[in-house]
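[1] Turn this into a model:
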Amino acid sequence: MLATTQVETVRALLVLRFITGLGLGCIMPNAMALAGEFSPARTRVTWMMLVSCGFTVGAALGGFVSAALLSRFGWQAVFLVGGLVPLVIAVMMVLWLPESLQYLALKGDPQTRHRRLARWLGKLDPTLHVDAQTQ
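    Have a look, this model is predicted:
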């Protein structure tokens, strides 16, 4: 999306928008999977619904932000902000979002793996008892 600010031809715009669309199209199913995996069973559907609705609300807010940016800074500002915000979110996700529980269960050093799994399972269900013997 950031590269879109530098286009000089309609063809380049079409190619970059297509590539951007592919990338953005992958976000929703991944976000839904994460919400489903890291939500407690009793509130899982609620969290998945909130993620789904959040995308719609975000798209609507994006339209209002775009209108404000267009009138003050031109069309390139829309793609600049639209590219920078997801980059900031991606950095935060890399820093604070854990791997999937299945990945944590299968990969890495057994002691580290067990400790990380126990921590995340405890967050999902505080009543769950996980110790060194838990399989």
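[2] Return the distance of stretch 86-97 from the chain's centre.
    The chain centre lies 8 Å from the centre of stretch 86-97; the measure is C-alpha atoms, centre = their mean, to the nearest Å.
[3] Name the helix or strand for the most centrally placed residue in the chain, please.
    In the chain, the residue lying closest to the centroid (C-alpha atoms, centre = their mean) is Ala31, at 5.3 Å. Under DSSP states H and E, the secondary-structure element containing Ala31 is helix 27-37.
[4] any idea how far the residue nearest to the centre of the chain is from Gly58?
    With the distance defined as C-beta to C-beta, to the nearest Å, Ala31 ends up 11 Å from Gly58. Using the backbone N, CA and C atoms, a C-beta is placed for each residue, glycine as well.
[5] go on, Thr20?
    Counting by C-beta to C-beta, the gap between Thr20 and Gly58 amounts to 16 Å.
[6] Counting neighbours, go ahead and name the busier of those two.
    For Thr20 against Gly58, the residue with the higher neighbour count under other C-beta atoms under 10 Å is Thr20, and the figures read 17 against 12.
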